[in-house]
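**Student:** Need a 3D model of the sequence below.
(chains A and B)
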Amino acid sequence: MPTLDDDEHFEAYLKEFRPLVPDVLPQPIQRSSPPRSAGWVWAVGFATVTVLAAISLQIFSSRIGQQSTAPASVKAVNPMQPLTIRNANAILAAAPSYNEAFERMSFHNQNSTIPKDKQSALAILAKEKIKL
Amino acid sequence: MFEGKGKVSEIELLYRKYGAALLLFAAAITGERCRAQDIVHHVFLKLIENGNLRRAEDKKAYLFACVRNAVLNEHKLGSRLTSLDSEMPWFSPPDRDYAGEQNLKRALTALPDDQREVVVLHLWGEFTFSQIGDLLGVSSNTAASRYRYALDKLREAMVSKENSRAHSR
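**Tutor:** Predicted coordinates:
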């Protein structure tokens, strides 16, 4: 070892000792990932669009169905419709008062829809005089 | 996940550049070269996996801090630090001065932990005292004074060992 009285020489001497180089860095474990080719991306995009279209179509059709069934009150007002429990409920819900509701539910004269050249069985039976 | 080969090659470059100093630093704390190497590898593999290095402004200082934290965390987890008397060399000596290498290693291991850290960081890590202060969480003056004490002790230890070797011949 040389004579190393001053710090600079001593530091220079110490730096001559080079730290040992470590072993080669081990390869990191690569996790398997699916290949992300352009085709794969397109397929995912197409599938997404298809699913979205199907969902929106279903929502649209269900809304249309609701619209066709929802205005029961409108049907209830129509006196030509037969009075069912559903219609009665709809009338009760829509009418401003009970009296009005009963009025709407009451029977109205109905014009016969049977053509003139034909007769209904009920009408024929009504004309017959049945002796009991 | 891996962002790309560019990131890995950057980390490999850093490993080649600072790996030796980092290994010495870790060995100076753990006292065991094999364990030190495991820790350095672990730190680099984690960096490859997480890609945290991009956020670091001073990558060299960040690497040394990571290694130091990894060593201290391992110590906290319960694995005792072994005594610094392993026979494995830490340095590649000049002119095949293997006896000098053993002297230096013994003199280093005889230093207190805080002084040993500062000596390794300044001499072989080539950090300034200000950078060492930031890394260890002390002032630059403290780092400098620790270095001064350590250098005196090293010189004393190495000269006395050299003299005893000369007398024994």
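
**Student:** going forward, measure contacts and count neighbours with C-alpha atoms only.
**Tutor:** Noted.

**Student:** thought B:H122 was touching B:T128?
**Tutor:** Yes - in terms of CA atoms under 8 Å, B:H122 counts as a neighbour of B:T128; the distance is 6.3 Å.

**Student:** Pull up the residues of chain B that are close to chain A.
**Tutor:** Residues of chain B lying near chain A by CA under 8 Å from any CA of the partner chain: B:1, B:12, B:15, B:19-21, B:23-24, B:37, B:41, B:44-45, B:48-49, B:89-94, B:100-101, B:123-124, B:151, B:155, B:159, B:162.

**Student:** and with 6 Å instead?
**Tutor:** For chain B, the residues in contact with chain A under the definition CA under 6 Å from any CA of the partner chain are B:20, B:90-94.

**Student:** List just the nearest of the residues you listed to B:C66.
**Tutor:** Closest approach to B:C66 among the residues of chain B next to chain A (CA to CA): B:A20, at 14.9 Å.

**Student:** Is it correct that that closest one falls within a helix?
**Tutor:** Yes - with the criterion set as DSSP: H, G, I helix; E, B strand; the rest coil, the secondary structure at B:A20 is a helix.

**Student:** what's the helix of greatest length in chain B packed up against?
**Tutor:** Of all the elements of type helix in chain B, the one with the most residues (DSSP state H) is helix B:140-168. Counting contacts by 3 or more CA pairs under 6 Å, 6 or more residues apart in numbering or on different chains; DSSP states H and E, the secondary-structure elements packed against helix B:140-168 are helix B:98-110, helix B:113-119, helix B:129-136.

**Student:** Return the subset of the residues of chain B next to chain A lying in strands.
**Tutor:** For the residues of chain B next to chain A, the ones inside strands are B:91-92, with DSSP state E as the criterion.

**Student:** now the residues of chain B next to chain A as TSV including pLDDT?
**Tutor:** Conversion of those to TSV gives the following (pLDDT from 0 to 100):
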residue	pLDDT
B:A20	94
B:W90	89
B:F91	91
B:S92	89
B:P93	90
B:P94	90
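
**Student:** Neighbour count added to the residues of chain B next to chain A, as TSV?
**Tutor:** Formatted as TSV, the residues of chain B next to chain A follow (neighbours: other CA atoms under 10 Å in any protein chain shown):
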residue	neighbour count
B:A20	23
B:W90	24
B:F91	20
B:S92	16
B:P93	21
B:P94	15
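
**Student:** can you count the residues close to A:N87?
**Tutor:** 20 (other CA atoms under 10 Å in any protein chain shown).

**Student:** That one: which element?
**Tutor:** helix A:85-94 (DSSP states H and E).

**Student:** After that helix, which helix or strand is next? Please name it.
**Tutor:** The helix or strand immediately downstream of helix A:85-94 is helix A:98-105, counting by DSSP H and E.

**Student:** and that following helix, what other elements does it pack with?
**Tutor:** In this structure, helix A:98-105 packs against no helix or strand, with contacts taken as 3+ CA pairs under 6 Å, 6+ apart.

**Student:** List every C-alpha atom in it, with coordinates, as PDB.
**Tutor:** This file holds the C-alpha atoms of helix A:98-105, laid out as PDB (Å, rounded to 0.1, in the frame of the first residue of the first chain):
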ATOM      1  CA  TYR A  98    -116.500   8.700  -8.700                       C
ATOM      2  CA  ASN A  99    -119.600   9.900 -10.300                       C
ATOM      3  CA  GLU A 100    -117.800  10.700 -13.500                       C
ATOM      4  CA  ALA A 101    -116.200   7.300 -13.300                       C
ATOM      5  CA  PHE A 102    -119.500   5.500 -13.000                       C
ATOM      6  CA  GLU A 103    -120.900   7.600 -15.800                       C
ATOM      7  CA  ARG A 104    -118.100   6.500 -18.000                       C
ATOM      8  CA  MET A 105    -118.500   2.900 -17.000                       C
END
